[in-house]
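> Here's my sequence, what's the structure:
(chains A, B and C)
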Amino acid sequence: MNAFFNYFSEIGHGIGTLLKGMRVTSGYFFRPREIITQKYPENRATLKMFDQFKGEVVMPHDKNNNHRCTGCGICENNCPNGSIQILTRKETTPEGKSVRVIDKHIYHLSMCTFCGLCVKTCPSDALAFGQTFEHAVFDRQKLTKVLNKPGSSLKKDVKE
Amino acid sequence: MVEKSEVILGENEHLRINMGPQHPSTHGVLRFELDLRGEIVDQVIPHCGYIHRGIEKMSEANTYQQIIHLTDRMDYLSAHQNNEAMSLLVEKALGIEVPERVKVIRTILSELSRLQSHELWWAAFGMDLGALTTFFYGLRDRERILDIFEESFGSRLLHSYICPGGLMNDVHPNFKSRIKEFIPYFRKKLPEYDQLLTGNIIFMERSKNIGLLTREEAIAFGITGPSGRGSGFSCDVRKHEPYSAYDRVDFKEILYTEGDTYARYRVRIDEMWESLRILEQLVDQIPDGDYTVKMKPIIKLPEGEYYQRVETARGELGVYVVSTGDKYPERIHFRTPNFSNLFVIDKLARGHKIADLVAISGSLDLVIPDIDR
Amino acid sequence: MKFSIYDFSSFTQSIHELLTGVMSPTWVFITELAIVGLIFLLFYAVLGLFLVYLERRVCAFIQNRLGPNRVGPQGIFQTIADLIKLLFKELFVVKNADKFLFNLAPFVVIIASLMAIGALPYAKGLQALDFNIGLFYIIAVTSLGVVGILLAGWSSNSKYSLLGAMRSGAQIISYELSVGLSLLAIIIFAGSMQLSVIVESQANGWWIFKGHIPAFIAFVIFLIAATAETNRGPFDLAEAESELTAGFHTEYTGIRFAFFFLAEYMNMFLAAALATTVFLGGWMPLHFGNFETFNRIMDFVPPIVWFFGKTFVVIYIIMLFKWTFPRLRIDQLLTLEWKYLLPINLVNIVLIAFLVLMGWHF
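Alright, predicted model coming up:
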């Protein structure tokens, strides 16, 4: 007799647990306000990444087209993947001193792992992280970028 | 005289099936070679190495700061804990004491990582068993933690945030308030996890007494983490060898003695509650101060051998470094939890059905890049 | 030509008379067959595609997602776009597969489900096949689908497919019993296997209400067993995505795969429609004893709306099963059938026979 009751209480208990689960799922079905999907391309205008988001490495330029990179090469040394290459050239200042200026600060986005060592170790704060995240291109070559803008020069107050 | 022999077709023959490297339930490029007798699994031969990147060898050509970003890519769900292991080792070798603020924040990050890892595990485990909705509920809650990560460290999965000497940069001012928002939110959602899976009769039938592992076997195989604790093997590094701020928080080490899939499941669910408790204790106690100590640009460890272990979401992660006093390590070895957890699967799955094999490998919570490194 | 949304019999009758006026009886028969066949083919395709869309939408809402929402308003043309994509895909055949059987299998599956939808009463006078063993016919025809699944698994030359097919075989053989026995309960109540008679017998109340608790138990058992028979979660062992990748249709591509897919959804519709017809009063409106005004309002809703409304409620329940529960293991599946559903069902039938004998039902 005991086994008989066990049989039915087992069934009852089992159905009870199943209904509990169905209450959760159907609860969400009838509460469409809790949907968390973002409609991505439509909300592009309002979509804003966090300030510290690591989208790509950029070199901020001020309005006079000046950057802060002295071409010391510390970021190149610190990069674990070799995704930064710095090409420098010698220039003579009007005072007759020979100084090093950057020719091209080449950044391979395709090799970057966003470890943040270049930005952290830069002694003159020339590098920063940009918030762009739509990096998809059809050609890998396009992921190699030159960070200093054409015609830009070193800001006056930056010491090496 | 020719002896008459009776051969029953298929008597001793096995159906050999390759499960993986592309298979929905191996969670990555892992391959099981199965010997089947009908539905019953006779042998499981795990083949790893499909995503071997040589992280240990690569590390020998990287400075200690650079190794951090490689450790991210082993167990990508416990990126913070992996970073922490390497950083703690360097700090131990150099005898640096990091500020209190760093310790507390590191502990919080560890627990957040554990939470998001367990949430993803719960999501994927439900899906392994065929309950497809759990996947989205788990990921929905995990998203909240990833938002906290993204706001402070700029990335959602591979942070490279904890570095030798402290942290890469200070946490975002919203860090505290966001965690405070998250804790009550998740306390409300966790009972739903129980209603959906834990109490469910089908789930109980599928997981109870499946893949039994005794405590002795767990120790012999080196099963650590929640999988080991499900067998009653007390192996929580946070308790036995407290690092960072674990010595001052009050938490229980979850132990179950059944050793089956259900016990391993329960350990993880209970650990989520414990992680929430730890977060609650620490979130108001973040002291002010520096986020890092001043480190030399090039770290050179003194000559010698160093070992540091931490508790990741999957078990004990050990880092072993041999240094000759150079800026690169002479030899580096990671004792990763998943590698030892994987090879018990043959022991666990023998005699069970294919469906149970999926449940067992789900309950071990394997992350394949951590196996291959 | 008289057309009324409440009674289609005069409408069909007038078409029949129109045709008789212009051609001989043989040709009338053939033309009517062709018209009905065409309508059902169209109905099958449109409903199948709509069900796929519905399922994706329902599961998305359950999972806090939006689901398809790009193609057309609310994404309603998404499945049509998917179908066009599948039509253009290469029909790939595995090396050493049994080509003939491999090609045949999807057609067996889809024809089995197509054959059954003709026998359902959709509204008053809207039923293509109405013979005295209608219910029996539907059970017999739908279980033919498993032959296609077995063929697909066997001929694919893939171990995963074979395992899936074998599971499916074991599953259908056992659950066929429960489906039949739970329907038998209503056959005892109604005293007929003819679907139109079963529907007419529920004019004053649905069997699920009239038949006391035994009818409700039979309904629940039918729901479980029908879900199992249509190979849907939590009983989708034959395809068991996380174990066997895709089970019996692992090796199928393009439109052949679409056939399996459509057939699965149409089987689900069949199960729901059968549950509606037999337990929930078919196209009969909801009536409560003596509430005259309430009954009048209910009568105002056309029968075809009642039928599809009830069917979609049952479909929603079946979908909720799939998206809530973990999958059963094969031995648990058989345990559920042989240790629980079957004995309960047998006792239930004896109970119902007793009820009917004593005339205790309404």
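> Please say whether there is contact between the longest helix anywhere in chain B and chain A.
In chain B, with assignment by DSSP state H, the single longest helix is helix B:100-128. No: in this structure, helix B:100-128 remains apart from chain A according to CB under 8 Å from any CB of the partner chain; the gap is never smaller than 10.7 Å. For every residue, glycine as well, the C-beta is placed using N, CA and C.
> Give me the mean pLDDT for the very next helix or strand once past that helix.
Using DSSP states H and E, the helix or strand that follows helix B:100-128 towards the C-terminus is helix B:133-153. For helix B:133-153, the per-residue pLDDT values average out at 88.
> got the angle between helix B:133-153 and helix B:100-128?
With axes from the mean of the first three to the mean of the last three CA atoms, to 10 degrees as the criterion, the two stretches helix B:133-153 and helix B:100-128 enclose an angle of 160 degrees.
> where along chain A do the helices fall?
Remark: helices assigned in chain A by DSSP H are A:2-29, A:74-78, A:117-121.
> who's in contact with the last one?
Under the criterion CB atoms under 8 Å, 6 or more residues apart in numbering or on different chains, residues A:57, A:74-75, A:78-80, A:84, A:127-129, B:65-66, B:69, B:168-169, B:297 lie in contact with helix A:117-121.
> Just the buried ones among those residues, please.
Buried members of the contacts of helix A:117-121, counted by 16 or more other CB atoms under 10 Å in any protein chain shown: A:57, A:74-75, A:78-80, A:84, A:127, A:129, B:65-66, B:69, B:168-169.
> pretty sure B:Cys299 belongs to a strand, no?
You called it Cys, but residue B:299 is Ile. No: under DSSP: H, G, I helix; E, B strand; the rest coil, B:Ile299 falls outside any strand and is assigned coil.
> Check which helices and strands the worst-scoring helix or strand of chain A on mean pLDDT is in contact with.
Every helix and strand of chain A was ranked by mean pLDDT, DSSP states H and E. The lowest is strand A:153-154, at a mean of 74. Contact partners of strand A:153-154 among helices and strands, from 3 or more CB pairs under 8 Å, 6 or more residues apart in numbering or on different chains; DSSP states H and E: strand A:66-67, strand A:98-108.
> change it to 7 Å
Other elements packing on strand A:153-154 under the criterion 3 or more CB pairs under 7 Å, 6 or more residues apart in numbering or on different chains; DSSP states H and E are strand A:66-67.
> For the stretch 51-200 of chain C, what lies in contact range of chain B?
Contacts of the stretch 51-200 of chain C with chain B, taken as CB under 7 Å from any CB of the partner chain, map to C:Ile62, C:Gln63, C:Asn64, C:Arg65, C:Lys159.
> Any chance of TSV for these, columns secondary structure, distance to C:Ile138 and pLDDT?
Putting those into TSV (DSSP: H, G, I helix; E, B strand; the rest coil; distance: CB to CB, whole Å; pLDDT from 0 to 100) gives the following:
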residue	secondary structure	distance to C:Ile138	pLDDT
C:Ile62	helix	30	87
C:Gln63	coil	33	87
C:Asn64	coil	37	86
C:Arg65	coil	35	86
C:Lys159	helix	34	83
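> mind giving me the domain split of chain A?
Partitioning chain A according to automatic domain parsing yields domains covering residues A:1-36, A:57-154.
> tell me how far the first one is from the chain's mean position?
So the one you mean is domain A:1-36. Averaging C-alpha positions (CA atoms, centre = their mean, to the nearest Å) puts domain A:1-36 44 Å from its chain's average.
> before we move on, what about the last one?
When distances are taken as CA atoms, centre = their mean, domain A:57-154 is centred 16 Å away from the chain's centroid.
> now the end-to-end length of it.
With CA to CA, to the nearest Å as the measure, the ends of domain A:57-154 fall 18 Å from one another.
> A:Phe50 touches B:Phe149, doesn't it?
No: taking CB atoms under 7 Å as the definition, A:Phe50 is not a contact partner of B:Phe149, at 9.8 Å.
> More neighbours: which of those two?
Relative neighbour count places B:Phe149 above the other of A:Phe50 and B:Phe149, with 23 against 16, counting by other CB atoms under 10 Å in any protein chain shown.
> what's the spacing between the residue lying closest to that one once chain neighbours are set aside and B:Asp72?
The spatial neighbour of B:Phe149 that comes closest, neighbours along the chain excluded (CB to CB, 6 or more residues apart in numbering or on different chains), is B:Arg156 at 5.8 Å. Look at B:Arg156 and B:Asp72: by CB to CB, to the nearest Å, they are 12 Å apart.
> Good, we can wrap up now.
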